[in-house]
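Have a look at this prediction, sequence included:
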Amino acid sequence: MNILVTGANGMLGNTIQVVAKDSKDNYIFTDVCDGYQKLDITSLEDIRTCVKENNVGCIINCAAWTNVDKAETAGEIVETLNATAPENLAIAMKEVDGLLVHVSTDYVFGGDPYNTPCKEDQKGTPTGVYGLTKLHGEQKIQAVGGKYIIVRTAWLYGEFGHNFVKTMINLTSTKPEIKVVFDQCGTPTYAVDLANAIFDIVENRKYEGNTGIYHFSNEGVCSWYDFTIKIAELAGNTDCKIMPCHSDEFPSPVKRPAYSVFDKTKIKETFGTNVPYWVDSLKVCMGNLMKQKD
């Protein structure tokens, strides 16, 4: 099967390139930047042409507008990338009876107070433009009605691109003290674990008859403060004083989810997905990042 990956130059897209290198399928990696086959996912006709020319049977959509704060003022482009583009991909796949795998986010939640892990059928209550447009994307894919797997994830980090782990390695190695919020709880997700989960579903054709929304993050729960403490510990950055603080000490145009822990029962029971503990995965990633610095 020919599998098209959008947003291939992003964190997850780059990770899928590594994970899928020995696949029995043929992967076509696309993006809007140099070094990749160009594809404008905001154009349905461009997608249709690409799908036809390459006989594509599956699209893995890693492309999105992901800057949460800038989404508030960026205008229509956020809705276009996060909602219209996924709809286009879903239409193109439905026309050839193919599969769309779409990556969504914990930011579709957050408006209602809750303290139990979020299930897939929980009502979306986004608090900002980013979350709202990602929710619209999910809804448009469902409305198209083809074969789709929507995987919501949270707190994604990895070896590629800018992310929280890399930022905190730098800050805790260069600053005498930092403040990190302790009143937002969730679960970090290692991009390799997410990529492996998606790869397994597609490679082994586990998606047949299992269309729907699934949750994937690593196991466990922590705050951003706890996450930072562990990052600094693993990096050996012991001289930086890390202090917990409230979210309102860091003014932001967006109210972030205070509790976005996922219930992952569905993905584990449906696909037999392995879900590592967040600290174990962080150790793997940090080991790789430390080797890159040497």
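Right, received. Where do you want to start? Numbering: from 1, shown residues only.

and the spatially closest residue to G186 that is not a sequence neighbour, how many neighbours does it have?
Among residues not flanking G186 along the chain, S260 sits closest, at 4.3 Å (C-beta to C-beta, 6 or more residues apart in numbering). All C-beta spots, glycine's among them, are computed from the backbone N, C-alpha and C. A count of neighbours around S260, defined by other C-beta atoms under 10 Å, yields 23.

ok, now which ones touch S260?
S260 is in contact with D106, Y107, F109, G110, C118, A154, Q184, C185, G186, counting by C-beta atoms under 8 Å, 6 or more residues apart in numbering.

quick one, phi/psi of it?
Dihedral pair for S260: phi -130, psi 50, per degrees, to the nearest 10.

coming back round to it: quick one: which of the contacts of S260 is nearest G13?
Using C-beta to C-beta, A154 is the member of the contacts of S260 that lies nearest G13, at 17.9 Å.

Spatially nearest residue to the closest one, not counting backbone neighbours?
Spatial nearest neighbour of A154, excluding adjacent residues (C-beta to C-beta, 6+ apart): D106 at 3.7 Å.

and that neighbour, how many neighbours?
25.

per-residue pLDDT, it?
Among the per-residue scores, D106 holds a pLDDT of 97.

so it makes contact with F262?
Yes. In this structure, D106 is within contact of F262 by C-beta atoms under 8 Å, at 7.0 Å.

what residues are shared contacts of these two?
C118, R152, A154, S217.

Now do the contacts for the closest residue to Y107 other than its chain neighbours.
Of all residues not flanking Y107 in the chain, G131 sits nearest, at 3.4 Å (C-beta to C-beta, 6+ apart). Residues near G131 by C-beta under 8 Å, 6+ apart: T105, Y107, V108, F109, G110, G124.

Kindly report the same for T127.
Counting by C-beta under 8 Å, 6+ apart, T127 has contacts Y107, G110, G111, V254, K255, R256, P257.

hmm, who's touching stretch 163-172?
In contact with stretch 163-172 (C-beta under 8 Å, 6+ apart) are residues 11, 155-158, 178, 180, 188, 224, 227-228, 231-232, 235, 237, 240, 242, 282, 285-286, 289.

mind listing what's buried in it?
Using 16 or more other C-beta atoms under 10 Å as the test for burial, stretch 163-172 gives N163, F164, V165, K166, M168, I169, L171, T172.

So which of the residues you listed are in helices?
Of those, the ones assigned to helices by DSSP state H are F164, V165, K166, M168, I169, L171, T172.

Can you tell me which of those is nearest D248?
Taking these together and measuring to D248 by C-beta to C-beta, the closest member is F164, at 19.5 Å.

any idea how far A154 is from the closest one?
According to C-beta to C-beta, to the nearest Å, F164 stands 11 Å off from A154.

What of I47?
The value you get for I47 to A154, if C-beta to C-beta is used, is 28 Å.

In PyMOL, how would I select just the buried ones from the contacts of stretch 163-172?
The following PyMOL line selects those of the contacts of stretch 163-172 that are buried, judged by 16+ other C-beta under 10 Å:
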select buried, resi 11+155+156+157+158+178+180+188+224+227+228+231+232+235+237+240+242+282+285+286+289
